[in-house]
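J.: Okay, here's the prediction I keep looking at, along with the sequence it came from:
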Amino acid sequence: MPHVTEMRIVAVFALLQAFAWAQNVAVTKGRKSKPMYMSEDTRTVAPALDKYARGPIAELWKRPGLAPRDRSIVTVSALIARNLTGEMAHQMNLALDNGVKAGELSEMITHLAFYSGWANAMPAVAAAKGVFAARKIGTEQLPEVSPALLPLNKEAEEARATNVEKQFGNISPALVQYTTDVLFRDLWLRPGLAPRDRSLVTVSALIASGQAAQIPYHLNRAMDNGLSQTEAGEVIAHLAFYAGWPNAFSAVAVAKDVFEKRSH
């Protein structure tokens, strides 16, 4: 029999999950959702914050260097990567309004389970559940569990796998094997998210998490997949607001080096 304390913890956790789901449903009623932290609330606590929300943040979403759909992908990815659930339902709704499909949102969550961790993906699942329920999005609109995969670029993948095996094969052979078999020869080839979008999700999550060491490879891959230098610069600027200036400036230094090397 489970210990009484353990049973209480489980019960409390279940109640918290139910409360979070109910909040998500409440927030997502109707096509157009509103942020959990409303402007009138913000003005009573931090009126200057409200000013910036109405000014720079509102203007940010209208900048021409990155499409609204891409900005939504970047924002949702950052929230999942940082496990920031307060605005998640609102931003998921906005993403759907901006042209991100329900299946693509589902794939983003799955992808980020690997790049931000399972514990970050689970709250995103709870948020999406409320959004999907409010919009009457069923499982028939979601990606197949095991679809036919996109074609593998054998030359590029073999070069990547060889390089990783050479560097880390003796240190963590399991990590190297999972990276090859699960990530690059399965997850990255799922057709539910276009390669450019999958790269955009990954780069956004890495920047939001402060993982500067991983940015060069994935930023290069994103640009190979069609992300322009202008768009990459806008991603960093966008994430300054949603992941903080320190993370943006850590990323912009890395991006500068990537851009310079690609220009030679």
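T.: Everything's here; your move.

J.: could I get stretch 172-186 in CSV with only the CA atoms?
T.: Written as CSV, here are the backbone C-alpha positions of stretch 172-186 (Å, rounded to 0.1, in the frame of the first residue of the first chain):
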residue,chain,number,x,y,z
SER,A,172,28.4,8.1,-24.1
PRO,A,173,27.7,5.5,-26.8
ALA,A,174,24.0,5.4,-25.8
LEU,A,175,23.6,9.2,-26.3
VAL,A,176,25.3,8.9,-29.7
GLN,A,177,23.1,6.0,-30.7
TYR,A,178,19.9,7.7,-29.6
THR,A,179,20.9,10.9,-31.3
THR,A,180,21.3,9.1,-34.6
ASP,A,181,18.4,6.6,-34.4
VAL,A,182,15.7,8.6,-32.6
LEU,A,183,16.5,12.3,-33.4
PHE,A,184,18.1,12.6,-36.8
ARG,A,185,16.8,9.4,-38.5
ASP,A,186,13.3,9.6,-37.1
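
J.: Could I get the buried residue list for it?
T.: Within stretch 172-186, the residues scored as buried using 16 or more other Cβ atoms under 10 Å are 176, 179-180, 184. C-beta: built from backbone N, CA, C; applies to glycine.

J.: which residue sits closest to Asp257, ignoring its sequence neighbours?
T.: For Asp257, ignoring the flanking residues on the chain, the nearest one in space by Cβ to Cβ, 6 or more residues apart in numbering is Pro216 at 7.1 Å.

J.: Show me what the helix or strand hosting the one you found packs onto, helices and strands only.
T.: In the assignment (DSSP states H and E), Pro216 maps to helix 215-224. Helix 215-224 sits against helix 195-208, helix 229-243, helix 245-263, with contacts defined as 3 or more Cβ pairs under 8 Å, 6 or more residues apart in numbering; DSSP states H and E.

J.: want to throw these into a markdown table with mean pLDDT and mean neighbour count?
T.: Converted to a markdown table, the helices and strands packed on helix 215-224 look like this (pLDDT from 0 to 100; neighbours: other Cβ atoms under 10 Å):
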| stretch | mean pLDDT | mean neighbour count |
| --- | --- | --- |
| helix 195-208 | 98 | 25 |
| helix 229-243 | 98 | 20 |
| helix 245-263 | 98 | 15 |
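
J.: right, so of the ones you listed, which gets closest to Ala81?
T.: Ala81 lies closest, by Cβ to Cβ, to one member of the helices and strands packed on helix 215-224: helix 195-208, at 3.9 Å.
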